[in-house]
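1. Build me a structure from this.
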Amino acid sequence: MKRRLLALAAALSAAGAGSLLLVNRDTGEPVTAPPGAFEILNRSACSVAACNANLCNQAENVLADAGSTCTTRLVTCDVRVGAQARAWATANGLTLGPQRYQRLRFVGLRCPGADGGSSFGVPMGDDGLPQFASLAQQTPLCVRAPVAGGTSCQRSERDGGFRFFGSGNVFPATESNGDPSCKPVGCSVLFGDDADRDL
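-> Model prediction:
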């Protein structure tokens, strides 16, 4: 575990501030998630929070003993979930929602970046899947008005008022009037996917 954490820490420290890397846990090299794994959509929409789980505390101790200034973090991102990712989650006793697009939380590291600030990384295996079985579904950042029936899910006009923008319209949850008919969904899909079906 120590060698793997230090390889990850070295790769992250060499990256620029604000970087989010999917890093091979053994080599410290960046990896690309294969089709069917967890594909991160928009890294700028990822958020980071402190991690106090037992697994994180163990990793923190290893890093501190090695003299690393990296710390564990929970990294939350919008991802496209494929069949391979679902099989991995099931094998690790984790439950995912039925949607292809979800906002999920992974265990990762935060390290000082080479040019100041911080860089972040999620340890992955050769199969492009996370190595820590600490995955949790989070509330998506957008909502969708019902595709059929009802006009009560409304979007802010930014002047204090709200109005219905159309059936199936997807918009930021922060601009919603909070009506229960507004269904939480991902904000975007990859080319070739159907927003009405896959979000």
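2. hang on, residue 184 packs against residue 170?
-> No: assessed by CB atoms under 8 Å, residue 184 is found out of contact with residue 170, at 10.5 Å. Yep, even glycine has a C-beta here, placed from its N, CA and C like the rest.
3. any shared contact partners between those two?
-> Jointly contacting residue 184 and residue 170 under the rule CB atoms under 8 Å, 6 or more residues apart in numbering are 142, 143.
4. Between those two, which has more neighbouring residues?
-> residue 170 (20 against 16; other CB atoms under 10 Å).
5. Find the nearest non-adjacent residue to the more buried one, please.
-> Among residues not flanking residue 170 along the chain, residue 144 sits closest, at 4.8 Å (CB to CB, 6 or more residues apart in numbering).
6. Report pLDDT for the one you found.
-> In the prediction, the pLDDT value recorded for residue 144 is 93.
7. Give me the buried positions along stretch 90-104.
-> Neighbour-count burial for stretch 90-104, counted by 16 or more other CB atoms under 10 Å, picks out 96, 99, 100, 101, 102, 103, 104.
8. let me redo that: stretch 147-159
-> So for stretch 147-159, counting by 16+ other CB under 10 Å, buried means 153, 154, 155.
9. tell me which element residue 12 falls in.
-> helix 2-14 (DSSP states H and E).
10. how near is residue 119 to residue 144?
-> Residue 119 is 33 Å from residue 144, where distance means CB to CB, to the nearest Å.
11. circling back to that earlier point, which residues does the residue nearest to residue 170 form beta bridges with?
-> Here residue 144 sits in beta bridges with residue 170, residue 183, as judged by DSSP bridges.
12. same question, residue 20
-> Note on residue 20: beta-bridge partners by DSSP bridges are residue 120.
13. Look at it and say how many residues are nearby.
-> Neighbourhood size, residue 20 [other CB under 10 Å]: 18.
14. pLDDT wise, what is the closest residue to residue 188 other than its chain neighbours at?
-> Leaving out its chain neighbours, the residue that sits closest to residue 188 by CB to CB, 6+ apart is residue 41, at 6.3 Å. For residue 41, the pLDDT comes out at 79.
15. next one: residue 67
-> Looking at residue 67, its pLDDT is 80.
16. and residue 103, which of the three is it?
-> Classification of residue 103 by DSSP: H, G, I helix; E, B strand; the rest coil places it in strand.
17. which one among the buried residues of stretch 147-159 gets closest to residue 115?
-> Nearest to residue 115 among the buried residues of stretch 147-159, counting by CB to CB, is residue 155 at 38.8 Å.
18. Isn't the closest one up against residue 162?
-> Yes: counting by CB under 8 Å, residue 155 does reach residue 162; the two are 6.5 Å apart.
19. Quick check: neighbours shared by those two?
-> Counting by CB under 8 Å, 6+ apart, the residues touching both residue 155 and residue 162 are residue 177.
20. Sketch out the low-pLDDT regions of this protein for me.
-> Within the chain, the stretches with pLDDT under 70 are 1-2, 32-35, 126-129, 131-136.
21. Which stretches in it count as helices?
-> Secondary structure of the chain by DSSP state H: the helices cover 2-14, 54-65, 83-91, 195-198.
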